[in-house]
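[1] fold the following and give me the result.
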Amino acid sequence: MDRRKIEDSQYLERGKMEDNTLLNEVGGRPILEKVHKHFYDELYKHPWLKNFFLHIDQKVIENQQTDFMVANMGGGKIYSGGMPKNVHKHMYITEELFDLRSRILRDSIRACGVPEDLAERWVRIDSAFKHSLVKKSVDECEKRFFTDEILNFPKPS
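    Residues are numbered from 1 along each chain as shown. The predicted structure follows:
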């Protein structure tokens, strides 16, 4: 195993939220933009996940997600939004919902031609935030603002 593969495996085992070389290896910001466009196209039409995005402009969230991942892939700290735990604290995100979202992300990365080894690293960065998002009960949700609603949507049949 070469040095890079050893470093990658150590990085992945630690569950770090950053991978400082991945951005260049996947092809830079244009690839992230392409993947996030595909990804959010899928989320916005998904019968369950679309409910979390009803009042959010898709282009805005695509740009935020791209900035966030650019920062976590070695492209500098350009993301100016909130941290995942704070931004999602009003959403009842179950393990099942998170896993569904992760599958759609992985499919989107592959659909945009990112090689499997790089796709795996991308998904691992994304998955490192799981503990900040998944809740065991709707009682763990908190409003971000006085006017917020707790977002809790039943799984469609």
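
[2] what distance do you get for the residue nearest to the spatial centre of the chain to E120?
    What sits nearest the mean C-alpha location of the chain, by Cα atoms, centre = their mean, is D126, with 4.8 Å. D126 is 11 Å from E120, where distance means Cβ to Cβ, to the nearest Å. Glycine gets a C-beta too; all of them are placed from N, C-alpha and C.

[3] same question, D148
    35 Å.

[4] show me what counts as buried in the helix or strand hosting K59.
    Assigned by DSSP states H and E, K59 belongs to helix 58-72. For helix 58-72, the neighbour count (16 or more other Cβ atoms under 10 Å) marks 61-62, 64-72 as buried.

[5] repeat that for stretch 138-153.
    For stretch 138-153, burial by neighbour count (16+ other Cβ under 10 Å) applies to 141, 151.

[6] repeat that for stretch 102-113.
    Buried residues in stretch 102-113 (16+ other Cβ under 10 Å): 104-106, 108-109, 112.

[7] got it, and stretch 43-61?
    Buried, per 16+ other Cβ under 10 Å, within stretch 43-61: 43, 46, 49, 52, 61.

[8] which pair in those spans the largest distance?
    Using Cβ to Cβ, the two most remote members of those are H46 and I61, lying 14.1 Å apart.

[9] counting by contacts, list what whatever helix or strand R103 lives in packs against.
    For R103, the element it lies in under DSSP H and E is helix 95-111. If you count contacts as 3 or more Cβ pairs under 8 Å, 6 or more residues apart in numbering; DSSP states H and E, helix 95-111 packs onto helix 29-45, helix 116-127.

[10] export the ones you listed as a markdown table, with columns for distance to D57 and mean pLDDT.
    Below are those laid out as a markdown table (distance: least, Cβ to Cβ, whole Å; pLDDT from 0 to 100):
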| stretch | distance to D57 | mean pLDDT |
| --- | --- | --- |
| helix 29-45 | 10 | 99 |
| helix 116-127 | 22 | 97 |
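
[11] of these, which is nearest V87?
    Nearest to V87 among the helices and strands packed on helix 95-111 is helix 116-127; the distance by Cβ to Cβ comes to 14.4 Å.

[12] packing partners of the very next helix or strand once past the closest one?
    Helices and strands here follow DSSP H and E; after helix 116-127, the next one along the chain is helix 130-133. Contacting helix 130-133 under the criterion 3+ Cβ pairs under 8 Å, 6+ apart are the following elements: helix 84-87.
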